[in-house]
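Q: missing the sequence, but the structure's below:
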């Protein structure tokens, strides 16, 4: 079955430190992949998406993600975290039936 | 920001009562979705619509029904609310199936 896993339920980083959030998917064909961010009390907002082409994708707010087919991963990175990045982050994959499956999310806390 | 509103934003109701949540969009997008968000589960699809009067079930559709009589409105109805339906409900819209989704602000529903 198609699925998305985010191994880290919660991550805490210091402001200014680098960040990597992990995402692994299970899907047979070339996937469409997404990262969304959810600030407290708000809906989700798209950070970036990968459909094809360059495996390093740039998104908004200084985020990037790298698609690695051999590892079935689509990890999100940011070189220097800001306090305003504290939020919940969701990885998602488009399935063969054109539905989107979301991972369980990773909660990010930022220490000033 | 995409024009999506949800009403009500908060609701407390009692077990066994009917509840209707409304999603309204001003983007004229074809696809509309209802999700529920619960801790540890990410977002789970309840129902979606691919056009006026065209709807289909998601992974957690039991106990829920939907209707879409106009492009801009997508209603989610709990015919007889149960405590297990206490959750945060999000509406999303998309111009294409399986592509980027734009989310509303959410409705927090508590069933006592």
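A: Great, that's in hand. Because the structure is a prediction, the values reported are computed rather than measured.

Q: distance of the residue nearest the centre of chain B from residue B:69?
A: Centroid-nearest residue in chain B, with CA atoms, centre = their mean: residue B:34, separated by 2.9 Å. Separation of residue B:34 from residue B:69 (CB to CB, to the nearest Å): 15 Å. C-beta here means a position set from N, CA and C on the backbone, and glycine is covered the same way.

Q: can you name the residue of chain B nearest chain A?
A: Closest approach between chain B and chain A, counting by CB to the nearest CB: residue B:103, at 3.3 Å.

Q: next up, phi/psi of that residue, please.
A: In terms of degrees, to the nearest 10, the main-chain angles of residue B:103 are phi -100, psi 150.

Q: and what of residue A:83?
A: Given degrees, to the nearest 10, the pair of backbone angles that residue A:83 has is phi -60, psi -30.

Q: and residue 77, bridged to which residues?
A: No chain specified, so I'll use chain A. Note on residue A:77: beta-bridge partners by DSSP bridges are residue A:20, residue A:64.

Q: not quite, go with chain B.
A: Beta-bridge partners, per DSSP bridges, of residue B:77: residue B:20, residue B:65.

Q: cool, and residue A:33?
A: Beta-bridge partners of residue A:33, as defined by DSSP bridges: residue A:50, residue A:93.

Q: run through the residues that contact it.
A: A:23, A:25, A:49, A:50, A:65, A:67, A:74, A:91, A:92, A:93, A:94 (CB atoms under 8 Å, 6 or more residues apart in numbering or on different chains).

Q: I'd assumed residue A:77 was in contact with the fifth one.
A: Yes - applying CB atoms under 8 Å as the test, residue A:65 and residue A:77 come out as touching, 6.8 Å apart.
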